[in-house]
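Engineer: okay, here's the prediction I keep looking at, along with the sequence it came from:
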Amino acid sequence: MASAGSIAARPVPGSYGLPVFGALRDRLDYFYFQGQDKYFESRVERHGSTVLRINVPPGPFMARDPRVVALLDAKSFPVLFDVEKVEKRDVFTGTYIPSTSLTGGYRVCAYLDPSEPTHAKIKQLLFSLLLSRKDAFVPTFRSNFSSLFATVESQVANGGKSDFNKLNDVTSFDFIGEAYFGVRPSATELGAGGPSKAAKWLFLQLAPLVTLGLPLFLEEPLLHTVPLPSILVSGDYKALYKYFSTAASQALDTAESLGLSREEACHNLLFATVFNSYGGFKKLFPGILAHVADAGEKLHEKLAAEIRAAIADAGGEVTVPALEKMELTKSVVWEALRLDPPVKFQYGRAKGDLQIESHDAVYDVKKGEMLFGYQPCATKDIRVFGPTAGQFVGDRFVGEQSSKLLQYVYWSNGRETENPSVGNKQCPGKNLVVLVGRLFLVELFLRYDTFTAEVSTDALGAKVAFTGITKATSGPATE
């Protein structure tokens, strides 16, 4: 760190407790007695430090080693992005690694360090795919989500309520397949079963790291003690792989030109599309919708006015240049990503002895130690975002303030002010995520002046049900 040399370094405070029992107790606090946020906040308060030693789940029996050095503030967190200082090999899910039998026997790109030769090839493949399909994203999104909102309107009219998450799971899966490969999954042999197959496969990889809200005596032996066997989803994975091996044929041709086998490339495309993109969109759109619903009619009016004015200036067309004019709309997406990042955790293993700086001190970390960041602590840091750090402020990133604060938005495994490359671990679809987040709001407020919804949250994210909609009374025709 630039200023660390002038400050005496301290040992990292905190304790791992007794072997096995300390980690087990911490796991119970994390999942049941305190919950994620309170687990970290209580330990920061106890030790008077935002850099500290703790155990992270899944802990005993399933983790390689649950002991980590936690970075829980905006200043220390970014060392996790610095691949010169931390190794990213097999740390995607942290101290626990799902079996490669869930990914065709391959260590896919998410688990590779940039120093591994295959990493650059796979990431370049993903960049090439996104570039080749860039003109498809806007029209494909609009066609799929227009149908979703038509269903919302019908369900609210007939039953007074519409479960957005359920509709979004189906629509997002079709949108991603069509946008990336030009082939809507539901129109293939996968049929309507694609989202459920994807969800089961995702669950087996993440089960040790989540709680479903079941009683402790059920969840601990079922989810957190031994991995669920991959055979439970082998048929589902084969069906998904078959879709990708056909639909992604053009991308697989590109993979071969980059020196990848079609088989390895296909498993990587499946993972990037289903785990990263679909898994992310399952959380992104309900998260945006929940915050906008809670913000109320005043924000709805401002969003509708901005969106409709920009589209009118573009001749009634939804275009990327028109989206770039929507400063409030983009701010709302960034604010939702700040508060509720699709992936809350980051890990990296120290490549050498390090000095890590928080707002208040400098700490010594030894080579080989696992560093861990809980992103909501970093992106709700009151030393950066002030007294409203934990609140949704829709216009937080509007105007000059945007450039000052945007560097502290970390959802993409990197700063929002930086861009992904083959040499880092930042999400290759970073800019696409912000694009589709804005498209979601555009589609919503071209159709509606305002809406009401029931919002709840569990360990898997926001749950939203529309309860009322007011259709748009003015605005450009975009059909």
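Structural biologist: Everything's here; your move.
Engineer: distance from the chain centre to the lowest-mean-pLDDT helix or strand in the chain, please.
Structural biologist: Sorted by mean pLDDT, DSSP states H and E, the helices and strands of the chain end with helix 400-405, the least confident at a mean of 83. Taking the mean of its C-alpha atoms, helix 400-405 sits 23 Å from the chain's own mean (CA atoms, centre = their mean, to the nearest Å).
Engineer: okay, residue 418 and residue 159: tell me how far apart.
Structural biologist: From residue 418 across to residue 159, the span is 46 Å (CB to CB, to the nearest Å). Where you see a C-beta, it was placed from the backbone N, CA and C, and this is true even at glycine.
Engineer: between the two, who's got more neighbours?
Structural biologist: Taking other CB atoms under 10 Å, residue 418 and residue 159 do not tie; residue 418 has more neighbours (14 against 8).
Engineer: shouldn't the more buried one be in contact with residue 426?
Structural biologist: Yes: Residue 418 lies in contact with residue 426 (CB atoms under 8 Å); the separation is 6.7 Å.
Engineer: what pairs with the helix or strand where residue 371 lies, parallel or antiparallel?
Structural biologist: If you go by DSSP states H and E, residue 371 is part of strand 370-374. Applying DSSP bridges to the sheet, strand 370-374 is found paired with strand 67-71 (parallel), strand 345-350 (antiparallel).
Engineer: what does it contact?
Structural biologist: Outside strand 370-374, the residues within contact range by CB atoms under 8 Å, 6 or more residues apart in numbering are 36, 40, 54, 56, 65, 67-72, 76-77, 79-80, 86, 91, 94-95, 344-350, 356, 365.
Engineer: which residues touch the residue nearest the centre of the chain?
Structural biologist: Nearest to the mean C-alpha position of the chain, by CA atoms, centre = their mean, lies residue 342 at 2.3 Å. Each residue near residue 342 by CB under 8 Å, 6+ apart is listed here: 279, 280, 283, 284, 411.
Engineer: next one: residue 144
Structural biologist: Contacts of residue 144 by CB under 8 Å, 6+ apart are 171, 174, 175, 178.
Engineer: residue 465: which of those residues is nearest?
Structural biologist: Residue 465 lies nearest to residue 171 out of those, by CB to CB, at 15.5 Å.
Engineer: tally of neighbours for that closest one?
Structural biologist: Counted with other CB under 10 Å, residue 171 comes out at 23.
Engineer: got the end-to-end distance for stretch 315-327?
Structural biologist: One end of stretch 315-327 sits 19 Å from the other (CA to CA, to the nearest Å).
Engineer: now do stretch 180-187
Structural biologist: Separation of the first and last residues of stretch 180-187 by CA to CA is 15 Å.
Engineer: circling back to that earlier point, are any of the contacts of residue 342 buried, and if so which?
Structural biologist: Taking 16 or more other CB atoms under 10 Å as the criterion, what is buried in these is 279, 280, 283, 284, 411.
Engineer: on that earlier part again, by neighbours, which of the contacts of residue 144 wins?
Structural biologist: Of the contacts of residue 144, with other CB under 10 Å as the count, residue 175 tops at 25 neighbours.
Engineer: quickly find the element holding that residue.
Structural biologist: Per DSSP H and E: residue 175 is located in helix 164-181.
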